[in-house]
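*Asks:* Next input, structure requested:
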Amino acid sequence: MKRNRPVARALLLAMLWLGLGSSSVASNVEFKIIVHPDNPIASVDRDFLRGAFLRKATTWRDGKPIQPVGLAEGTRARTRFIEDVLQKSEAQLRSYWVQRIFSGTGVPPPEADSPSAAIQYVLTYPGGIGYLPIDAPAGRAKVLELE
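*Replies:* Here you go, the predicted structure:
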């Protein structure tokens, strides 16, 4: 029986590793990032997104203003975006914006009532960027690869 313990441990470790790997992959498939179709970039990383949606980064490389739009509270894509990209809970994000508003240093991005409203916002502004549920059609908006 003792000879099987190393095999059992290895099997348990492999199962844990596979389970952790699939949960990190799952966090990437809850939402997709969209931009105006004329935006030349093809991919974006979480640090850039965090800066854009927390209003710490304000312009694209070409000098156009970054104009982020979020989804309304209560959507799964918003919750996953806040957790995965902004690394905050909904309550922490609210607190962040309350502090910024009262200190006069910023206001949160507008919130779209629906994925189609988020798409319309992004299509209206050349510097627009937003996120959608992974299964929502992006229309004419350009979908970026998330690095």
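*Asks:* Now the residue nearest the centre of the chain: which helix or strand?
*Replies:* Nearest residue to the geometric centre of the chain (CA atoms, centre = their mean): Phe81, 3.6 Å. Taking DSSP states H and E as the criterion, Phe81 maps to helix 76-81.
*Asks:* Could you list the buried residues of that helix?
*Replies:* The neighbour-count check on helix 76-81 (16 or more other CB atoms under 10 Å) flags 77-81 as buried. For every residue, glycine as well, the C-beta is placed using N, CA and C.
*Asks:* could you redo the residues you listed as JSON lines and give each row distance to Gly63 and pLDDT?
*Replies:* Below are those laid out as JSON lines (distance: CB to CB, whole Å; pLDDT from 0 to 100):
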{"residue": "Ala77", "distance to Gly63": "29", "pLDDT": "97"}
{"residue": "Arg78", "distance to Gly63": "29", "pLDDT": "97"}
{"residue": "Thr79", "distance to Gly63": "33", "pLDDT": "96"}
{"residue": "Arg80", "distance to Gly63": "31", "pLDDT": "97"}
{"residue": "Phe81", "distance to Gly63": "26", "pLDDT": "97"}
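*Asks:* which of the residues you listed lies closest to Pro68?
*Replies:* Among the buried residues of helix 76-81, Phe81 lies closest to Pro68 (CB to CB), at 10.8 Å.
*Asks:* Ile134: neighbour count?
*Replies:* 14 (other CB atoms under 10 Å).
*Asks:* Please tell me how far it sits from Ala112.
*Replies:* 16 Å (CB to CB, to the nearest Å).
*Asks:* now do Val44
*Replies:* Taking CB to CB, one finds Val44 at 19 Å from Ala112.
*Asks:* With neighbour numbers in mind, choose between those two.
*Replies:* Shown here are Val44 and Ala112; by other CB under 10 Å, Ala112 has more neighbours (22 against 18).
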